[in-house]
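Chemist: Turn this into a structure:
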Amino acid sequence: MSIEALKAQIPDFAKDVRLNLGAIANDESLGEQTKYGLLLACAIATRNAEVAAAFDAEAVTRLSPEARDAARAAAAVMAMNNVYYRFVHLASNPVYKTLPAKLRMNVVASPGAPKADFELWCLAVSAINGCGACVDAHEKALLASGVTQESAQTAVRFAAILQSAAIALEAAKLPVLA
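Modeler: Numbers count the residues shown, from 1 in each chain. Model (predicted):
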């Protein structure tokens, strides 16, 4: 499935989502690898098979196998980290902040794609997963590496659009009640 095929599946009640998906396809503010790795990582993070398949079909022709794996790794490692660090942040017991995470995340040090791209992908996935601690950590790393606030905002905007597409597709499957 392509992005165009995905757009065609978005119901009329979510016309704005369709328009926003079109805007993503035409947005050239990020480099191709950055953009398509971001879209793949976010599509996987939506946990919607149709969205993930559409963006994986685009990524396979636009990313090296290493960059594609890095995008997948960003989604996977952030799924783990976002749960753990959101818990640490939300728990009222301060002891959890002092304990070691004991989570393997070697891919963060050597992702198979440029570090700034990987950090941007992790930021966007963390936004989808709702982990404020991870959002702050990845934004700080991005700004320290010279990535602009506008690029960070674009990444999170793309994440929001992909999440809304996943929700629109799920909402369209609900039974119509008379």
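Chemist: What is the neighbour count of Leu143?
Modeler: By other C-beta atoms under 10 Å, 14 other residues sit near Leu143. Bear in mind the C-beta positions are built from the backbone N, C-alpha and C, glycine included.
Chemist: Now do the contacts for it.
Modeler: Leu143 makes contact with Gln149, Ala152, according to C-beta atoms under 8 Å, 6 or more residues apart in numbering.
Chemist: Give me the three-state assignment for it.
Modeler: Of the three states, Leu143 takes helix under DSSP: H, G, I helix; E, B strand; the rest coil.
Chemist: ok, which stretches of the protein are helices?
Modeler: According to DSSP state H, the chain carries its helices in the segments 3-9, 15-26, 32-45, 49-62, 65-90, 115-129, 132-144, 149-172.
Chemist: Looking at the ones you listed, spot the one closest to Val108.
Modeler: Distance to Val108, taken as C-beta to C-beta, is lowest for helix 65-90 among the helices of the chain, at 6.6 Å.
Chemist: okay, how far is it across stretch 85-99, tip to tip?
Modeler: Stretch 85-99 has an end-to-end distance of 12 Å (C-alpha to C-alpha, to the nearest Å).
Chemist: what's the answer for stretch 107-118, then?
Modeler: For stretch 107-118, the end-to-end distance is 10 Å (C-alpha to C-alpha).
Chemist: most centrally placed residue in this structure?
Modeler: Note on the chain: the residue nearest the mean C-alpha position is Cys42, at 2.4 Å, using C-alpha atoms, centre = their mean.
Chemist: burial measure for Gln149, as a count.
Modeler: Gln149 has 10 neighbouring residues, counting by other C-beta under 10 Å.
Chemist: Could you do Gln33 as well?
Modeler: 19.
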